[in-house]
Structures are given as structure tokens and as C-alpha cells.
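# I'd like to go over a predicted model; first the sequence, then the structure.
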Amino acid sequence: MTQAPTPDASGNETEAVAQKQRRIQQQQDAKDAEKEQQSGGQEKEEKAVQTGNAEQPAPPLPAQHLEKPGLEADMELQPRFMADGYRGSGKLEGLTALVTGGDSGIGRAVSVLFAREGADVAILYLNEHADAEETKRCIEAEGRRCLLMPGDVKNAAVCRSAVEKTVKEFGKLDILVNNAAFQEHADSLEDITEERFDETLRTNIYGYFHMAKAALPHLKRGACIINTGSVTGLEGSAKLLDYSATKGAIHAFTKSLASNLIEKGIRVNAVAPGPVWTPLNPADKTAQDIQKFGADTDMKRPAQPEELSPAYVFLASPVCSSYITGIVLPITGSVGAM
């Protein structure tokens, strides 16, 4: 039979510690009760967090469902991409960039800031011609040249042609931004058909692979590749099974390609955004679901494209990131994304 420990001289000390801990607990319990009484038992309304110079839109967002691939021009709440508070300083002066999916969303915001920093920009997009023309107008307003090229990144020949046209038009290629993507939610793995799975993988993975392979012969020492990943590739997503898988693969591709190209002096990095207000999401979610888009982040709102684009400038500029390669930079609106 096990006997209870015999109290020793330290017994009084341990009891004193226990009493102190109970006293601390009671003090907090009293504070909690007071707060509960003041709130009338109602939960505190959580407001969206604003940390920039401009207040950004927060849920509830307009209830809208777009037909794929989704036109930014058709969005009821226009994404903010101009980054009015951002002042260019020649970080990309004289360089040439090729951005896939550059017609709208993150790609548009990145293209505009690249131009503001002195780069000419070629854009490969699917068929969103109105959006692409608006992006071109904004780039030219920054005093830089823009080349528009419609095409499907799933097609290796299209990717090779886009690179060749860019080099012919601007004389070189210094920065490749792989950003084009396809996303469609599914409540169950059983809902994902072979056709859908193939479309997601071939757009999001094959497209990045084809573009990098086509660009590589033209990239010189000091050039860079930036891939758009996703928080879903870091944490997974219950209703974006195939999309999340591609984004995780993009992160691995980024790190592997960085190791492969480091001796050539070519840097490869990725940005992993959280929820961003772009046509991609109203073209995926239902009108009801899109109203609370981004509300589950710590900041209680989605990002605007202009909150992502400076990170691409940072990773593209040899002045800023010459010693950075093989990273996946999370910009998620939440604490602790890995």
C-alpha cells in the first residue's frame, strides 16, 4: 500500500505557493466577472485591424459571384492596387520583368510597382483583355513600356513564345514572376474530378515549371524568379484540396530551384499570401461566402493587392535581397504562419 508523502519543513512553503496561485486566480476571476457584467454577457465585436496609412475594406464584403476566370473590372468592390503611398526609388531601373497572371489581382499590383521602380513589364494572361488593357495603361502611366500576351501557361509552347516575345521586345529578361493560378473549392475529395485535378495541377505547377524552363536560358547572373505560393500551401485548406497541394508543391519547387540555380547567381523565392481581395476568390466562393472572406485571419479582413506588391519588389531588387534565396515569405494577416 502506497503511503502519502510525509510533510517536511517545506510543506508550509508549498502551501503558501498554492495559496498565492489561488489568490492570483481569484483576482483574475473577479476581473473577468466585472467585464462580463459590463458587456451584458455579449461577445465583444471584433473589428478589422488596420496598420497602414489607408484604411482597407473589411467584411462584410459585397455578395458577388464571378464567372471564371473572373474580371477585376466586374468586381463590385474594386481591389486596391495602386499603392498610392509607395514612392519608387529606381530599385528595378532598366530591368525587364515577365509576370504571368499580371492582368489583375496580385499580378496587376506587382506589375504597377515594378514599373514605378523602373522596370518594363511583359504580361502573360489568359483572356481577360479588358483587365490587361487597364494594367497596361497603369504601367505606361508610370513611364514604362508594357507588352500584353494572351495565352495558357499549361501549354509549354505558349510559355516559350511569351519569353521569346519579351526578349525580342525589351532585349532581355531579368525577373520572372510566376503568378497565374486556377482555384475551385470542393466540399469533398470525391467532388474533385480528374478534369478539375488536371486543370489545377497543370495551371499551377506545370505553368510555373514551363515558364521557369523557358526563361532560364535568358536569365543572367543577378536575375531572379519569384513564385506566388499561398498560406494554403503552408497550412492546408479543407475545401481547397487540389489547390493547396499545388501551392505546397510550389514552395518545394521554389526551394529546390533556388538550390539548383544558386551557383549561376540566380535567386528564386516565393511569396505565400493569405486571403487577398482579387477576382480569383469571387470566381470561386459563393456570393454568401465571399461576404466574410478574410474574416478568419488575425486581422479580421483580407489583404488588398497593394499590401502584397512591395514584397515582390523587395525580392526582385538586387539592392534589397541579393543575399536571399530559397525562402517562402508568408504575408497572411495572421500571427505565426510558417
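Everything's here; your move.

# got a list of what Ala73 touches?
When the contact criterion is CB atoms under 8 Å, 6 or more residues apart in numbering, the partners of Ala73 are Ala130, Asp131, Glu134. No exception for glycine: its C-beta is placed from N, CA and C like everyone else's.

# looking at it, Lys255 is touching Gly326, isn't it?
Yes. Under the criterion of CB atoms under 8 Å, Lys255 lies in contact with Gly326, with a separation of 4.7 Å.

# quick revisit: between the contacts of Ala73, which is closest to Glu190?
Comparing the contacts of Ala73 against Glu190 with CB to CB picks out Asp131 as the nearest, at 34.1 Å.

# Distance check, Ile266 against His218.
Separation of Ile266 from His218 (CB to CB, to the nearest Å) stands at 11 Å.

# do the same with Phe197
The spacing between Phe197 and His218, counted by CB to CB, is 32 Å.

# Of the contacts of Ala73, just say which sits nearest to Asp152.
For Asp152, the closest of the contacts of Ala73 turns out to be Asp131, at 16.1 Å, with distances computed as CB to CB.

# end-to-end on stretch 183-197?
Between the opening and closing residues of stretch 183-197 there is a gap of 10 Å (CA to CA, to the nearest Å).

# now what about it, what contacts it?
With contacts defined as CB under 8 Å, 6+ apart, stretch 183-197 is touched by Lys68, Thr200, Lys239, Leu240, Leu241, Asp242, Tyr243, Leu280, Asn281, Asp284, Lys285.

# redo that, cut-off 7 Å
Lys239, Leu240, Leu241, Asp242, Tyr243, Leu280, Asp284, Lys285 (CB atoms under 7 Å, 6 or more residues apart in numbering).

# Out of these, which sit inside helices?
In this view, these that belong to helices under DSSP state H are Leu241, Asp242, Tyr243.

# count of residues packed around the first one?
A total of 19 residues lie near Leu241 under the criterion other CB atoms under 10 Å.

# do you know how far it is from Thr200?
To Thr200, Leu241 is 9 Å away according to CB to CB.

# How about the second one?
Taking CB to CB as the criterion, Asp242 is separated from Thr200 by 4 Å.

# rewinding a little: settle it for me: which of Ile266 and His218 has more neighbours?
Here Ile266 and His218 are set side by side on neighbour count (other CB under 10 Å), and the busier one is Ile266, at 21 against 17.

# how about the helices in the chain?
Defined through DSSP H, the helices belonging to the chain, from first to last, are 11-39, 105-116, 129-141, 156-170, 194-201, 207-215, 231-235, 241-261, 287-290, 309-316, 318-321.

# To Leu77, which of these lies closest?
With distances scored as CB to CB, the stretch of those nearest to Leu77 is helix 287-290 (9.9 Å).
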